[in-house]
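Asker: after the sequence you'll find the predicted model.
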Amino acid sequence: MAVVITAAGQDASVSRKIKIEKKYLNLPVQMSEERGEMNFNIGGDNVRKFVIRLGNGEPDYWVFSDMADYKGKELTITYSTKASGFDQIYQSDTWAGQDSVYKEKYRPQFHFSSKRGWNNDPNGLVYHDGEYHLFYQHNPYEILWGNMHWGHAVSKDLIHWEEIGDVLYPDELGTMFSGTATIDVNNTTGFQMGDKPPIIAAYTAHNSNEGDAIQTQCIAYSNDNGRTFTKYEGNPVIDSKKVWNSRNTRDPKVFWHEPTSKWVMVLFEKDGHSFYNSDNLRDWTYLSHLVGFWECPELFELPIDGNKYNTKWVIYGASGTYMLGDFDGHEFKVTSGKHKYVNGQLYAAQTFNNIPESDGRRIQFAWGRGMTHGGKMPFGQMMLFPTELTLKSTPNGVRMFNNPIQEIENLHSKSYRWENLDRESANEKLKSVEGDLFHIKMKVTILDGTQFQFHFNGNSVAKYDMNYNLLNGAYYEGLNVTSGAIELEMLIDKTSVEIFADGGVFTVVEELPAAENDRGLEFGPGWSPIEINYLEVHELKSIW
């Protein structure tokens with residue numbers, strides 16, 4: 001092992017050579033330090049390039065880089081500034097903190113979060129060969145945004161997740177921004193090797209050039225069920241910055257459109273979503289544009305009230321507003337909306353491609369922004385619990401409903417159900433409930449007045465005001481506005497609360513505040529007498 005200081009002074013870059021003999025390189029991070037650039041070189045080729053706040057004292061936490069592909073080779077590590085943490089980098093067949101992962105104080109227990117580092121948008125949700133694949137925006141080297149990679153996790157049941165590791169790394173075209181994944185069943189790309197169709201990832205490469213972002217669309221393919229990807233040598237497949245005169249051309253959503261026998265891409269460009277089509281996922285033709293959305297497009301068809309002969313297409317962006325309409329493979333014609341189905345910390349939702357017809361559900365994952373209790377953990381952010389999307393007729397028209405997938409029941413450990421309670425008797429019953437992970441259902445009727453609250457450990461986690469039509473401060477138009485009643489379904493995890501109102505027509509997602517007391521679940525005091533028509537509480541098991 002050799003350490004070389006390549007320039008004088010505190011800001012000197014440093015270099016070190018290591019023969020890779022173990023699976024991981026462990027790196028210390030100190031959040032008070034400025035970011036510096038780190039490079040991994042093997043045989044003169046740069047194999048990793050990223051920024052990191054390398055520790056210069058006692059590290060706040062450790063991160064790791066998987067070097068299994070380079071065992072037996074000599075690695076040259078360089079860092080742009082001298083730091084004591086440079087000498088602390090070490091090899092191991094385990095990563096620092098592996099013995100306590102998923103047991104951390106603020107680790108979500110039934111939501112996915114990455115072992116280390118930051119995550120944001122879900123990317124490339126796809127079902128293939130018995131596995132649900134969750135690709136996602138990942139910074140492996142810090143709990144804040146940056147160094148965008150595609151992380152990867154798989155599940156057999158949409159509940160329990162195994163983190164595989166990063167599969168798309170930054171390259172000369174840029175860092176790996178959001179996108180989608182699909183299965184090329186007919187091998188239209190010609191990328192298939194073997195008897196199973198490949199997974200195709202479509203993603204944005206983001207390159208900041210002298211402060212101006214260049215965002216182009218690229219593809220990669222995998223013939224080993226998403227464990228590794230090969231980037232298409234003809235990338236980028238779309239470069240539309242000059243056409244739109246905008247730095248915002250990103251987040252491709254790709255799917256096969258059966259009526260036209262074409263691949264369709266919905267791409268965020270400038271001020272809304274553009275539509276492209278292709279025969280082979282490599283050569284794309286621009287079709288049309290719909291103004292009014294920002295980032296992370298999604299487009300899919302759903303039956304209304306379960307009637308497959310009466311359908312509408314749903315289009316949305318990252319924010320949680322959506323339109324209903326008709327899509328012919330070329331153009332989206334709006335028939336209703338904008339509508340809003342969510343308020344709070346849900347962002348950049350995406351739905352799964354290739355769900356088996358025998359299942360038939362439209363299953364959504366979304367990024368749960370924030371919800372980290374001040375960055376006190378070696379990971380940042382989480383994914384929200386997967387939900388099923390449906391279209392139903394309501395007194396206000398056809399609306400999209402969003403509900404936790406039925407598999408939540410597999411996490412129930414102890415369950416309670418009561419009916420026809422007042423506030424005092426309900427609170428007495430709730431004293432028997434234990435834990436801090438819950439699936440809760442209730443119907444509450446306000447008998448006199450306009451509001452009620454539901455608390456957990458001294459904090460209001462659900463507050464409904466019938467006069468102003470507010471659910472946790474967000475306007476909710478309501479389904480039964482003259483009944484005085486509301487139905488709520490809630491998921492409470494270590495740092496998050498998800499509330500689904502009146503069968504899922506409106507969702508509120510918020511960070512769970514730190515506990516004010518240890519009184520558990522209770523209906524908060526108030527001047528409005530209430531009847532709890534029914535109350536179900538399910539204590540939940542951890543997915544880890």
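Answerer: It's in. Numbering: from 1, shown residues only.

Asker: okay, how far is it across stretch 196-216, tip to tip?
Answerer: Start-to-end span of stretch 196-216 (Cα to Cα, to the nearest Å) is 29 Å.

Asker: name the residues of that stretch that are buried.
Answerer: 197-206, 213-216 (16 or more other Cβ atoms under 10 Å). In this view, the C-beta of every residue, glycine as well, is placed from N, C-alpha and C.

Asker: which one of the residues you listed is nearest to residue 281?
Answerer: Minimum distance to residue 281 across the buried residues of stretch 196-216 is 5.7 Å, recorded for residue 200 (Cβ to Cβ).

Asker: tell me which element that closest one is part of?
Answerer: Assigned by DSSP states H and E, residue 200 belongs to strand 199-209.

Asker: what lies in contact with stretch 395-410?
Answerer: Outside stretch 395-410, the residues within contact range by Cβ atoms under 8 Å, 6 or more residues apart in numbering are 157-159, 302, 304, 312, 314, 322, 324, 336, 339, 341-342, 361, 363-364, 385-392, 439, 477, 479, 489, 491, 498, 500, 503-505, 507, 538, 540.

Asker: what about 7 Å?
Answerer: Residues outside stretch 395-410 that contact it (Cβ atoms under 7 Å, 6 or more residues apart in numbering) are 157-159, 304, 312, 314, 322, 324, 336, 339, 341-342, 363, 385-392, 439, 477, 479, 489, 491, 500, 503-505, 507.

Asker: which two of the buried residues of stretch 196-216 have the greatest separation?
Answerer: Greatest spatial distance in those: 197 and 213, 33.6 Å, computed using Cβ to Cβ.

Asker: quick check: domain ranges of this structure?
Answerer: The chain breaks down by automatic domain parsing into domains covering 2-98, 101-404, 411-540.

Asker: gap between the two ends of the longest one?
Answerer: Start-to-end span of domain 101-404 (Cα to Cα) is 26 Å.

Asker: what average pLDDT does it get?
Answerer: The average of the pLDDT scores along domain 101-404 is 96.

Asker: again with the first one
Answerer: Averaged across domain 2-98, the pLDDT comes to 90.

Asker: distance between that domain and the chain's centre?
Answerer: How far domain 2-98 lies from its chain's middle: 28 Å, per Cα atoms, centre = their mean, to the nearest Å.

Asker: ok, now the longest one?
Answerer: For domain 101-404, the distance between its averaged C-alpha position and the chain's averaged C-alpha position is 9 Å (Cα atoms, centre = their mean).

Asker: can you select the buried ones from the contacts of stretch 395-410 in PyMOL?
Answerer: Restricted to buried positions by 16+ other Cβ under 10 Å, the PyMOL selection for those reads:
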select buried, resi 158+159+304+312+314+322+324+339+341+342+363+385+386+387+388+389+390+391+392+439+479+489+491+500+504+505+507
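
Asker: in this structure, which spans are helices?
Answerer: 85-88, 241-244, 423-430 (DSSP state H).

Asker: what's the longest one packed up against?
Answerer: Read that as helix 423-430. Counting contacts by 3 or more Cβ pairs under 7 Å, 6 or more residues apart in numbering; DSSP states H and E, helix 423-430 packs against strand 521-523, strand 530-540.

Asker: relative to the first one, what are the paired strands and their orientations?
Answerer: Taking DSSP bridges as the criterion, strand 521-523 sits next to strand 451-456 (antiparallel) in its sheet.

Asker: who's in contact with stretch 502-513?
Answerer: Among residues not part of stretch 502-513, those counted as contacts by Cβ under 7 Å, 6+ apart are 341-346, 368, 370-371, 384, 394, 399, 401-403, 459, 461, 471-472, 474, 476, 479, 486-487, 492, 495-500.

Asker: so which of these belong to strands?
Answerer: Among those, the members found in strands (DSSP state E) are 342-344, 346, 368, 394, 399, 401-403, 459, 461, 471, 474, 486-487, 492, 496-500.

Asker: now which of those would you call buried?
Answerer: 342-344, 346, 368, 394, 399, 401-403, 461, 471, 474, 486-487, 492, 496-500.

Asker: rewinding a little: which of the domains of the chain is buried the deepest?
Answerer: The highest average neighbour count among the domains of the chain, using mean count of other Cβ atoms under 10 Å, belongs to domain 101-404 at a mean of 19.

Asker: ok, and the closest non-adjacent residue to residue 232?
Answerer: Closest residue to residue 232 apart from its sequence neighbours, by Cβ to Cβ, 6 or more residues apart in numbering: residue 219 at 4.8 Å.

Asker: likewise for residue 62?
Answerer: In this structure, residue 62 finds its nearest non-sequential neighbour in residue 96, 3.5 Å apart by Cβ to Cβ, 6+ apart.
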